[in-house]
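*Asks:* can't give you the sequence, but here's the structure:
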């Protein structure tokens, strides 16, 4: 068993400069792609290219207009703000009680497999493409699309050269995944603050693919959900449905079932925090060039000791070189097909 993490927030972020710059802003609850900037808590998003096509990208920027990487420039730990933008007087020092920033990639009940483009400069959100075709997850009865808001924790990385001592598998080369179980349906690119509740260890084609279970800190149920046992007690069947979803979602594509470490049992909040901290340390090594980045793009504007740090002008040039926004293409009716397995 891993040693329990006891780490001050200040120490976690010490070598890095990234911080949210302004207080929380109202969030628009629309899912339809838009060329207009959207408020995503401390950040805005800007759409480029054509939705429902391989060219579509969602870029991130601060309210000051500086383009950033959601992977590298948005901090892992969330900072709560007081009214009028006054910084909080005291930050929670124990990571077990901290809130985390989550980047929403896929809204609940939708099918497009949107993801942070780790191999592209500034790491915009895009729709995954397989053999030249946009990827959509199948509807495996009784589920419609993703059954939670799905996304990732910034400043984390599942190192493919690191073999986990519990799963005996290496990392999947991505930020750590999050299933947010709150009642709000989010939109791609939204940045929310979440409470971590537990974690599931999925083994995907021989790689460790952790799935953090979390809830939006603003959700009405958040005060009552503090650990994975609270989810099991108050939402009967939800965790079982999560395992079933991950086990079967690739079957309609002709792939085998996914497997899980720990016999498919969820680990508790303390264990989840340890995994998050480990992937955060791997990310630090990545952006400081202490680990082999391979094809991972590490351009950022705020990580202090990173050799990949660039100027705001360079970041702006990356976005402006992307195709201009166009109206969305239609989606095939095949996306709504049910699969009974």
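*Replies:* Nice, thanks for sending it over. Since this is a predicted model, take the numbers as computed values, not measurements.

*Asks:* pretty sure residue 323 is touching residue 47, no?
*Replies:* No. Assessed by Cβ atoms under 8 Å, residue 323 is found out of contact with residue 47, at 10.5 Å. C-beta coordinates here come from the backbone N, C-alpha and C atoms, glycine included.

*Asks:* ok, these two, which is more surrounded?
*Replies:* residue 47 (25 against 12; other Cβ atoms under 10 Å).

*Asks:* quick one, phi psi at that one?
*Replies:* phi -90, psi 140 (degrees, to the nearest 10).

*Asks:* in this structure it contacts residue 325, no?
*Replies:* Yes. Assessed by Cβ under 8 Å, residue 47 is found in contact with residue 325 at 5.1 Å.

*Asks:* between those two, which contacts overlap?
*Replies:* Residues touching both residue 47 and residue 325 (Cβ atoms under 8 Å, 6 or more residues apart in numbering): residue 35.

*Asks:* so which strand or helix has residue 282?
*Replies:* helix 269-287 (DSSP states H and E).

*Asks:* next, the buried residues of that helix.
*Replies:* Buried residues in helix 269-287, counting neighbours by 16 or more other Cβ atoms under 10 Å, are found at 269-280, 282-284, 286-287.

*Asks:* what do you get for stretch 297-317?
*Replies:* Result for stretch 297-317 [16+ other Cβ under 10 Å]: buried residues 297-303, 306, 308-310, 312, 315-316.

*Asks:* will you turn the residues you listed into TSV that also has distance to residue 188, secondary structure and pLDDT?
*Replies:* Output for the buried residues of stretch 297-317, formatted as TSV (distance: Cβ to Cβ, whole Å; DSSP: H, G, I helix; E, B strand; the rest coil; pLDDT from 0 to 100):
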residue	distance to residue 188	secondary structure	pLDDT
297	19	coil	98
298	22	coil	98
299	21	coil	98
300	21	strand	98
301	22	coil	98
302	22	coil	97
303	24	coil	97
306	26	coil	97
308	25	coil	98
309	26	strand	98
310	24	coil	98
312	24	helix	98
315	20	helix	98
316	22	helix	98
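
*Asks:* who's in contact with the residue nearest to residue 241 when sequence neighbours are not counted?
*Replies:* Counting by Cβ to Cβ, 6 or more residues apart in numbering, residue 241 lies nearest to residue 147, which is 6.4 Å off, once chain neighbours are set aside. For residue 147, the contacting residues are 108-109, 241-242, 245, by Cβ under 8 Å, 6+ apart.

*Asks:* and residue 147, helix, strand or coil?
*Replies:* coil (DSSP: H, G, I helix; E, B strand; the rest coil).

*Asks:* for the nearest residue to residue 126 once chain neighbours are set aside, grab phi and psi.
*Replies:* Excluding the flanking residues, the one nearest residue 126 by Cβ to Cβ, 6+ apart is residue 117, at 4.7 Å. As for residue 117, its main-chain torsions (degrees, to the nearest 10) stand at phi -80, psi 90.

*Asks:* doesn't residue 124 make contact with residue 117?
*Replies:* Yes. In terms of Cβ under 8 Å, residue 117 counts as a neighbour of residue 124; the distance is 5.5 Å.

*Asks:* ok, these two, which is more surrounded?
*Replies:* Legend: neighbour count by other Cβ under 10 Å for residue 117 and residue 124, higher for residue 124 (26 against 19).

*Asks:* report the beta-bridge partners for the residue sitting nearest the centre point of the chain.
*Replies:* For the chain, residue 152 is the residue whose C-alpha lies nearest the centre (Cα atoms, centre = their mean; 1.2 Å). Beta-bridge pairing for residue 152 (DSSP bridges): residue 103, residue 177.

*Asks:* would you check how far apart it and residue 103 are?
*Replies:* Separation of residue 152 from residue 103 (Cβ to Cβ, to the nearest Å) stands at 5 Å.

*Asks:* can you check residue 217 too?
*Replies:* For residue 217 relative to residue 103 (Cβ to Cβ), the value is 15 Å.

*Asks:* of those two, who's got more company?
*Replies:* Neighbours were tallied for residue 217 and for residue 103 using other Cβ under 10 Å; the higher tally belongs to residue 103 (24 against 17).

*Asks:* next, residue 243: phi, psi?
*Replies:* Torsion angles, degrees, to the nearest 10, at residue 243: phi -60, psi -40.
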